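> missing the sequence, but the structure's below:
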Ligand SMILES: [Zn+2]
């Protein structure tokens with residue numbers, strides 16, 4: 001996987017990250033979303049590979065499995081494995097993708113665990 005091609009946080013299409021001098025520019029070819037920063041304290045500068053796990057939290061496990069399957073567009077059988085075995089739903093994802101996936105999963109009512117500890121705001125619109 002090309003680490004510079006993490007998906008757009010708005011539409012999920014691959015975005016292209018380019019360097020111009022000290023700036024990093026992330027641009028989405030799909031919806032035009034773009035961010036440019038020279039700030040090292042910005043999620044696009046974070047190259048940490050994260051893993052996400054989805055847990056039922058307050059949901060009944062059958063409900064969590066169904067919601068996970070819909071949220072990720074995967075089969076119920078796979079969703080059941082992920083929940084029952086506490087497997088990562090995503091691995092080696094970069095910060096912007098973590099934020100996008102967290103939004104999808106938390107929006108489905110699932111509890112999300114991110115490892116290692118995530119140091120960015122999970123809703124970039126906050
Ligand atoms: Zn986009």
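Now that the structure is in, tell me what you want to look at. Predicted, not measured: the structure shown is a model, and the values here were computed from it.

> Could you list the paired strands of the helix or strand that residue 112 is a member of along with their orientation?
Using DSSP states H and E, the element containing residue 112 is strand 111-115. Strand 111-115 has its sheet partners listed here by DSSP bridges as strand 50-55 (antiparallel).

> measure the residue nearest the centre of the chain to residue 86 for me?
Of all residues in the chain, the one closest to the mean position by CA atoms, centre = their mean is residue 98, 2.5 Å from it. Per CB to CB, to the nearest Å, residue 98 is found 18 Å from residue 86. Placement of C-beta: from N, CA and C, glycine included.

> And residue 55, by the same measure?
For residue 55 relative to residue 86 (CB to CB), the value is 7 Å.

> neighbour count winner among the two?
Neighbours were counted for residue 55 and for residue 86 using other CB atoms under 10 Å; residue 55 has more, 17 against 11.
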